[in-house]
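Novice: Let's see this in three dimensions:
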Amino acid sequence: MTAYAFWNNKGGVGKSFLSFVAATEYARAYPDTDVYVIDLCPQANISEMLLLDSELLIDTGDQMLLSSYGVIRKNFDPIHKLIGQTPRATVAGYLEARLNSPFEPIKNVSPYVCYPRDFNKKLPANLRLVCGDYLLEILSEAIRQTSQLAIPVTAWKQVLSWIKDLTAALRQRSGNRDTLFIIDCNPSFAIYTQLALAAAENLVIPFTPDDSSRRAIENIVALLYGHSMDDPKIGTYARINFAKRASDEYLDKPKLHIFVSNRVTLHRGKASRAFEAVSESIKTTLDDLHKKHRQIYTNPKEEPSERFIEIPDYHSACIVMTVKGIPLDNLRAGPHKVHGKQVQINSAPLEKYKKALTEFVSYL
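Specialist: Predicted coordinates:
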């Protein structure tokens with residue numbers, strides 16, 4: 001069992017999209033593996049992508065009708081259908097059940113799992129989803145308060161292990177089949193993000209080559225491991241919160257696995273000078289950290305800069321995939337209708353895009 005959390009302390013870097021690509025492509029490449037996606041973001045973006053079926057979209061000409069989650073289907077909105085079940089067939093449904101019995105793991109987690117292929121026939125049959133749910137944000141305070149109970153003394157660690165318990169139960173559900181877990185996280189360091197990180201063995205950090213991403217990566221290191229790059233106050237306050245408590249209570253934390261430079265602007269096949277300069281700055285920062293704290297990396301013998309992957313910016317392909325629920329392997333060059341407008345995907349940039357994303361998946 002291997003679990004990857006996709007997280008950055010900055011939004012808009014492509015976490016959900018890369019989670020979508022990782023889950024669908026890995027499931028396609030390894031049909032004997034059950035690939036579980038756990039959506040721990042209240043916006044449920046990856047759930048939307050997985051449950052979309054372009055053949056069922058209502059197209060009004062200039063735009064599509066939108067629900068609170070996204071595009072309305074002709075017959076129903078899959079996420080609202082899952083929310084309407086009893087119990088809620090979502091990650092919030094699972095967490096509600098844990099709140100009712102905080103310190104007793106749930107053995108049968110099947111009610112909280114759905115099969116995206118039931119909604120989107122383009123997806124592999126071995127793909128599973130624990131759907132996202134806006135209720136997650138509302139439940140977060142109750143989860144936090146439960147973790148602060150004085151009795152039992154292990155309350156914090158047990159609550160922080162709820163999603164890890166879920167992965168264990170799902171692994172048992174799969175029996176002798178191999179399993180892989182993709183956990184999509186919210187940018188914030190809220191309690192539900194901490195649950196996700198405590199369940200993961202490896203951390204995938206998507207970023208865009210800009211200074212705000214560099215600062216966000218520094219925040220990750222401070223929040224998760226209690227190490228400061230250059231601001232001693234960051235390290236001081238981080239050490240008295242999650243990082244320190246996790247170490248004191250022997251709560252496992254994920255290792256830094258790969259760094260994905262997403263939406264890179266290319267010029268003559270290479271990253272632009274501005275993007276390359278910021279990317280090099282991030283590489284240097286992480287390589288310097290590696291010299292002092294090798295144990296926080298998946299491969300401590302390899303410099304982090306060797307595990308950087310560049311994904312070129314191809315906005316049209318990304319939009320078509322996410323809006324129409326088309327996995328990478330099914331995406332074809334040519335015209336595509338999106339929101340009543342025709343979008344052209346050209347062969348040459350698509351092949352470069354596919355090659356970069358396929359390399360990214362190979363690191364899992």
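
Novice: Tell me, how many residues neighbour the residue lying closest to L99 once chain neighbours are set aside?
Specialist: Nearest residue to L99, sequence neighbours excluded (C-beta to C-beta, 6 or more residues apart in numbering): A142, at 5.7 Å. Where you see a C-beta, it was placed from the backbone N, CA and C, and this is true even at glycine. Residue neighbour count, defined by other C-beta atoms under 10 Å, stands at 13 for A142.

Novice: A142: what secondary structure?
Specialist: Three-state call for A142 (DSSP: H, G, I helix; E, B strand; the rest coil): helix.

Novice: any idea of the pLDDT on it?
Specialist: With respect to pLDDT, A142 has a value of 98.

Novice: Any figure for the gap between it and Q342?
Specialist: Taking C-beta to C-beta, to the nearest Å as the measure, A142 falls 47 Å from Q342.

Novice: can you check L135 too?
Specialist: The span separating L135 from Q342 equals 38 Å under the rule C-beta to C-beta.

Novice: and what of D32?
Specialist: Look at D32 and Q342: by C-beta to C-beta, they are 39 Å apart.

Novice: L331 is in contact with I319, isn't it?
Specialist: No: with contacts counted by C-beta atoms under 8 Å, L331 stays clear of I319, the gap being 11.2 Å.

Novice: who's more crowded, those two?
Specialist: Here L331 and I319 are compared on neighbour count by other C-beta under 10 Å; more neighbours surround L331, at 19 against 16.

Novice: residues touching that one, list them.
Specialist: Counting by C-beta atoms under 8 Å, 6 or more residues apart in numbering, L331 makes contact with A317, V320, M321, I345, L350, K354.

Novice: farthest-separated two in these?
Specialist: For the contacts of L331, the farthest-apart pair by C-beta to C-beta is V320 and K354; their separation is 12.9 Å.

Novice: In the stretch 251-364 of the chain, where is pLDDT below threshold?
Specialist: Residues of the stretch 251-364 of the chain that meet the criterion pLDDT under 70 lie in 263-274.

Novice: same thing but 50
Specialist: Within the stretch 251-364 of the chain, the segments meeting pLDDT under 50 span 266-268.

Novice: For the longest helix along the chain, which helices and strands make contact with it?
Specialist: Among the elements of type helix in the chain, defined by DSSP state H, the one spanning the most residues is helix 273-292. Under the contact criterion of 3 or more C-beta pairs under 8 Å, 6 or more residues apart in numbering; DSSP states H and E, the helices and strands touching helix 273-292 comprise helix 211-225, strand 255-264, strand 308-312.

Novice: Buried residues, the longest one. List them.
Specialist: Neighbour-count burial for helix 211-225 flags S213, R214, A216, I217, E218, N219, I220, V221, A222, L223, L224, Y225 (criterion: 16 or more other C-beta atoms under 10 Å).

Novice: I'd say the third one and W7 touch.
Specialist: No: distance between A216 and W7: 9.8 Å, which falls outside the contact criterion (C-beta under 8 Å).

Novice: residues shared between the contacts of those two?
Specialist: Residues touching both A216 and W7 (C-beta under 8 Å, 6+ apart) are P187.

Novice: From the buried residues of helix 211-225, pick the one nearest K164.
Specialist: For K164, the closest of the buried residues of helix 211-225 turns out to be L224, at 15.4 Å, with distances computed as C-beta to C-beta.

Novice: Spit out the contact partners of the closest one.
Specialist: L224 is in contact with L197, L203, F242, A243, K253, P254, counting by C-beta under 8 Å, 6+ apart.

Novice: Closest to T24 out of those residues?
Specialist: Within these, the smallest distance to T24 is 20.3 Å, found for L203 (C-beta to C-beta).

Novice: just checking, that closest one touches N8?
Specialist: No: applying C-beta under 8 Å, one finds L203 not in contact with N8, separated by 9.6 Å.

Novice: What are the contacting residues of stretch 307-318?
Specialist: Contacts with stretch 307-318, where a contact means C-beta under 8 Å, 6+ apart, come from 14, 17-18, 257-266, 271, 279, 283, 298-299, 331, 343-345, 349-350, 352-353, 356-357, 359-360, 363.

Novice: Now, of those, which are buried?
Specialist: By the neighbour-count criterion of 16+ other C-beta under 10 Å, those include these buried positions: 14, 17-18, 257-264, 271, 279, 283, 298, 331, 343, 345, 349-350, 353, 356-357, 360.

Novice: related to what we said a few turns ago, joint contacts of L203 and N8?
Specialist: Both L203 and N8 are contacted by I220, under the criterion C-beta under 8 Å, 6+ apart.

Novice: Mind jotting down where the strands sit in this structure?
Specialist: Shown for the chain, the strands assigned by DSSP state E span residues 2-6, 33-40, 127-130, 178-185, 202-207, 255-264, 266-267, 270-271, 308-312, 334-338, 341-345.
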